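S.K.: please work out how this folds:
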Amino acid sequence: MDNNDFQIDRIIENEDIITDFQPIVCLKKKRIVGLEALSRGYCRENDEIIPPFRLFSRAKETGNDTKLDRLCRKTAPEFN
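M.R.: Okay, the predicted model is just below:
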């Protein structure tokens, strides 16, 4: 399978999204002030983790950006 060949529809349908959280640090206050949710896709066909840029670019190209955005919000524990 080509490095750019993954089915965004299948990822959305199967909810194959992995969400990690990255702290947002305020340097002035020297503390964590929030979390950023970073969503990645998972392609079952070749056991590949799809980085956010490729995932969201493909979604936009295929008109699935709103569906992907909603799925990411749904699957991120902070938003549930």
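
S.K.: so residue 42 sits in a helix?
M.R.: No. Read with DSSP: H, G, I helix; E, B strand; the rest coil, residue 42 is strand and lies in no helix.

S.K.: how many other residues sit next to it?
M.R.: By other C-beta atoms under 10 Å, the residues close to residue 42 number 16. The way it works is simple: take the backbone N, C-alpha and C, and place the C-beta from them, glycine included.

S.K.: quick check, it in contact with residue 55.
M.R.: No. Using C-beta atoms under 8 Å, residue 42 is not in contact with residue 55; the gap is 9.7 Å.

S.K.: tell me, what's touching the two both at once?
M.R.: residue 11 (C-beta atoms under 8 Å, 6 or more residues apart in numbering).

S.K.: ok, residue 15 - contacts?
M.R.: 71, 74, 75.

S.K.: and if you look at residue 62?
M.R.: Residues near residue 62 by C-beta under 8 Å, 6+ apart: 8, 9.

S.K.: tell me how far it lies from residue 55.
M.R.: Distance of residue 62 to residue 55, given as C-beta to C-beta, to the nearest Å: 11 Å.
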